[in-house]
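Colleague: What follows is a predicted structure for the sequence shown.
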Amino acid sequence: MSPDLHLAHISDVLLTWAVFAYAFAMFGYAAEFAAGRRVAARGGGTAVVERGSRRTDNVGRAAVVLSVAGWCFHLSSVLTRGFAVHRVPWGNMYEFSCMVTLVAVSIFLLLLGQQPIRRVAAIATRRPARHHMGWKARESVRYLGAFVMAPVVLYLGLAGTVLYAAPGPLVPALNSYWIKIHVVAAITATGAFMVSGVVTILYLLKERYERGQVPLRLTLTTRLRSPMRPQRVSLGPGTAAAVEMTSARGGLMRALPAAANLDRLAYRIITFAFPIWTFAIIAGAIWAEQAWSRYWGWDPKETWSFITWLGYAAYLHARATAGWRGRRAATLSLIAFGCLMVDYYVVNTVITGLHSYAGVS
Amino acid sequence: MTQTTEPVVSADQTEKLSTAPEPVVGMPGRGPLRIALRMWRQLTSMRTALLLLALLALAAIPGTVIPQRGLDPVKVDNFLARHPHLGPLMDHLSLFDVFAAPWFAAIYLLLFISLVGCLVPRIRLHAAALRRRPPNAPRHLLRMPASTQWRADAPPEEVAGRTRELLRRAHWRADVRPESGGSLTVAAEKGYLRETGNLVFHIALVVLLVGIALSGLYGYKGTVLVTQGGGFANAREAYDVFAPSRLFSDSQLSPFSFTMQRFNASYDSSNGEPLNFNAYLRYKTSPTAAAKPYDIRVNHPLDVDGAKVFLVGHGYSLLIKVTNKAGQTVYDQATPFLPDDSNFSSHGVVKVPVLGNGQLGLTGFFYPTAGASPFGGITSIFPAAQRPVLSLAAWSGNLGLDSGVPQSVYSLPVANLKNIGVTQLSPGHSWHLKDGATVTFLGVQQWATFQVAHEPGKRTVLVGAVLIIAGLLGSLRVRRRRFWLRAVPAAADDPDRRTVVTAAGLARSDAEGFADELEELASQLGRRTAAQRQSRPASGAEGI
């Protein structure tokens, strides 16, 4: 069946809209972030002095609305592309990039929506209000917005220009139900690794900043962490002066959550993505066994996927090894992400192998 | 608060891996044994594992940058030709066979030895941990990372009993223990599956390696070209190329056979992109078995008796007939031509041993859909046989067919031969040579190449792979956590006679979602024990 060119054109237009929505959202998040407003951690680990105003909060909210709108355009673009070419919309590099970024934005929006979703669910199921335990509520991840949107816009920009492939059918080698299993897993893991990469970079920045701030942070957190004796939580005059001092220094860094929290978030996303990446490699091997008569042949794509896997495995081990957790482990995870990017961009376009489906000439 | 003699669990234990082996102090023996033992400890340490993981990743990189024999031997030959000095040196270092190189094997074998060495003590420790009861409640529950306190109408026995019941229903391992002063504690632990998953994952890696080794030692692989109507029986000499493994014996060849009834290839009419290839076979699992039909296509191999038959290539065979001066047929067979480009411009040769005085050779180029080449001359402009043209050159002289030296059936060295004419034929047309011989191009048939592969370790590898995923999910998604509750009888001066209940939790791996779980637990407990909330915020169980 020949592709529906009209529908394919609609898909292209929708993607352009999505890119614009994401770009504007990115500026919104960046403006809010630069204004230094942080949702005050409720009963939180780090002391944050609420700066900023209602106006910057509204900018942040507008950015969220724009990202949701962009996500809707993005999803529609992928769907219309699929209908236009009568197959799954991830048959070449352009389509793959669109899917990866869709996953990345979805993960960000899911993280962002966790709290509102929970609140709605609690009301819907009429569970008794949680009044007694005072366990700490989760922090909003809106600070991540600008940092997630930037690579997404870059990725989509590259996809729409350099990697763009005209709508067409799949090459026979891809014509298998495994494309739904292997490629979807690869896309999901890549999208998640992308978000974790962003968080890891923020972690490294914040961690460096915090190393220069150690004494102050310790004072504040120890005081706030003994809530059983509320009378001791009140900030003495000395502490207040110290808080003033910090707010004058390291402006943007201060607006990020505590390094430990960023580290935990990155770890959490990687523990989600790593089994999926493993599954993608294994599913790929099963498919390769059917299509190319061997399950593993050290094709460049296979090898770089394996190197990426080793990189993230090293990160997980490093995180459990004394002397390696923290900064060094984070660096390993960034190296692993670099390998994933080599696997994706360099292997597809520069090195020839069996996975030459880029559709880029 | 009641008195307990149990040590308080320190907060830094939250980060420690549950059953990682403790470093042993004081080494037995002396001299070489001592050194060996120290080396063994070094090898099985996490740091070494990390280093080996990184080394393995680094070692794999040259295999993707330098041409590899296993992937593209022609490229390797070209590289060697271009680098006469550097090439042999690189070859000596196995840089063209990185993944079969001794140094590559050394890295992954060391990694696996380190893995096993680390695994054995951990299995022992985990087995012990599985039998052990949850540790006693620390004395100061309110100092735990997450804790809460309330007063309940029910007496301590009832609070503890209901707590244990609730916890056990949620698959916690929970014990009730008395303390001095009439108070009761509940100690509970959950998430043993984390370490189980961790161990399963690492054991599965070993299973995977065993499977790969099995295939490498006992498998075989071969390719064969079959023209439409032709057949194949699984025997070593029937293959065009046969690659047995180290411990292979011919008795492992299962006695199946097949004939290819028809081959079909379809293409996108607008750009010639391939859409589908199908080889329609009839196969028998043994010479005496009934023949069954099967169509092999890309992603759809034939699985017969442990061996798999894949379609790996296709092309055209030309039906060429040669008669001599007397009108006798001296050559009449489907001659496979090898494709040179994606539109199946192909080349091939015909060698006729006896033709009056001397031998006759034909070299030919075949164009399934002939068209003008942009570089002048003729080329194929579409892969299907829509307008087939065969261009032939005839050569006479000694082809060396009787010399006993093995020859390629796809090439004819023409240096010592005499050209006796060139022509272009379409199907059904004949060419009369000067010496009276006639060459007839009868028609076009398709051939397909099949690869037969038998990998005895494949199933083991698959089992390993499935266990890897299962183990990973356990080790990364399950959280090991502890929960304690202490119910202290009401103080004498309490007019309401209420039990003081303190609960606390500790996430031993990452704390993700733990706060929510504890909150849920505590709220359920509160409801069951007619609690009077004394809300005091606890903190510390952070999550994002």
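Modeller: On my side now, so go ahead. Residues are numbered from 1 along each chain as shown, chains lettered A, B, ... in the order given.

Colleague: rest of the way, CA atoms for contacts and neighbours
Modeller: OK.

Colleague: Mind telling me what element the residue nearest to B:Leu80 when sequence neighbours are not counted is part of?
Modeller: With C-alpha to C-alpha, 6 or more residues apart in numbering or on different chains as the criterion, B:Leu80 has its nearest non-adjacent residue at 4.9 Å, and that residue is B:Gly87. Assessed by DSSP states H and E, B:Gly87 sits inside helix B:86-92.

Colleague: Could you pull out the helices in the chain for me?
Modeller: As the question left the chain open, I've gone with chain A. Taking DSSP state H as the criterion, chain A carries its helices at A:5-34, A:54-85, A:93-124, A:145-161, A:178, A:184-211, A:214-224, A:237-248, A:251-254, A:259-291, A:300-319, A:327-341, A:347-349.

Colleague: not quite, I wanted chain B
Modeller: Assigned by DSSP H, the helices in chain B fall at B:32-43, B:46-60, B:62-65, B:73-82, B:86-92, B:102-131, B:156-169, B:193-218, B:458-477, B:514-528.

Colleague: what mean pLDDT would you report for the third one?
Modeller: Spelled out, it's helix B:62-65. The average of the pLDDT scores along helix B:62-65 is 90.

Colleague: residues contacting the nearest residue in space to B:Arg387 that is not next to it in sequence?
Modeller: Once flanking residues are discounted, B:Arg387 sits nearest to B:Thr369: 4.3 Å by C-alpha to C-alpha, 6+ apart. Contact analysis of B:Thr369 by C-alpha atoms under 8 Å, 6 or more residues apart in numbering or on different chains lists B:Ser380, B:Ile381, B:Phe382, B:Pro383, B:Ala384, B:Ala385, B:Gln386, B:Arg387, B:Pro388, B:Val389.

Colleague: Mind putting those residues into a markdown table with pLDDT and neighbour count?
Modeller: Output for these, formatted as a markdown table (pLDDT from 0 to 100; neighbours: other C-alpha atoms under 10 Å in any protein chain shown):
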| residue | pLDDT | neighbour count |
| --- | --- | --- |
| B:Ser380 | 90 | 24 |
| B:Ile381 | 90 | 21 |
| B:Phe382 | 91 | 24 |
| B:Pro383 | 90 | 26 |
| B:Ala384 | 91 | 22 |
| B:Ala385 | 90 | 18 |
| B:Gln386 | 90 | 12 |
| B:Arg387 | 91 | 15 |
| B:Pro388 | 93 | 19 |
| B:Val389 | 93 | 23 |
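
Colleague: Looking at those residues, which is nearest A:Arg328?
Modeller: For those, the closest approach to A:Arg328 (C-alpha to C-alpha) belongs to B:Pro383, at 54.8 Å.

Colleague: does the closest one really touch B:Phe366, like I thought?
Modeller: No - checked against C-alpha atoms under 8 Å, the pair B:Pro383 and B:Phe366 is beyond contact range at 11.3 Å.

Colleague: domains of chain B?
Modeller: Residue ranges for the domains of chain B, per automatic domain parsing: B:1-15+B:140-191+B:479-544, B:44-132, B:213-314+B:451-467, B:318-447.

Colleague: what's the spacing between the longest one and its chain's center?
Modeller: To tie it back to what came earlier, the one meant is domain B:1-15+B:140-191+B:479-544. Distance, stretch centre to chain centre, for domain B:1-15+B:140-191+B:479-544: 47 Å (C-alpha atoms, centre = their mean, to the nearest Å).

Colleague: still on that earlier bit, just give me the neighbour total for the residue nearest to B:Leu80.
Modeller: Using other C-alpha atoms under 10 Å in any protein chain shown, B:Gly87 is surrounded by 19 other residues.

Colleague: show me the residues around it that make contact.
Modeller: B:Phe79, B:Leu80, B:Ala81 are the contacts of B:Gly87 under C-alpha under 8 Å, 6+ apart.

Colleague: pLDDT score for it?
Modeller: As summarised for this prediction, B:Gly87 has a pLDDT of 90.

Colleague: what's the answer for B:Val224, then?
Modeller: 92.

Colleague: Quick check, it in contact with B:Tyr239.
Modeller: Yes - using C-alpha under 8 Å, B:Val224 is in contact with B:Tyr239, at 5.0 Å.

Colleague: Which one of the residues in the stretch 201-350 of chain B is closest to chain A?
Modeller: B:Asn299 (4.3 Å; C-alpha to the nearest C-alpha).

Colleague: That residue and B:Ala59: what is the separation?
Modeller: 31 Å (C-alpha to C-alpha, to the nearest Å).

Colleague: Those two: which has the busier surroundings?
Modeller: Neighbours were counted for B:Asn299 and for B:Ala59 using other C-alpha under 10 Å; B:Asn299 has more, 22 against 16.

Colleague: where does that one fall, phi/psi-wise?
Modeller: Backbone geometry at B:Asn299, expressed as degrees, to the nearest 10, gives phi 70, psi 10.

Colleague: Count the neighbours of the residue nearest to it when sequence neighbours are not counted for me.
Modeller: Leaving aside its sequence neighbours, B:Asn299 sits nearest to A:Ala291 (C-alpha to C-alpha, 6+ apart; 4.3 Å). As a burial measure, A:Ala291 scores 23 neighbours (other C-alpha under 10 Å).

Colleague: Could you list the low-pLDDT ranges of the stretch 151-300 of chain A?
Modeller: Scanning the stretch 151-300 of chain A for pLDDT under 70 picks out A:213-251.
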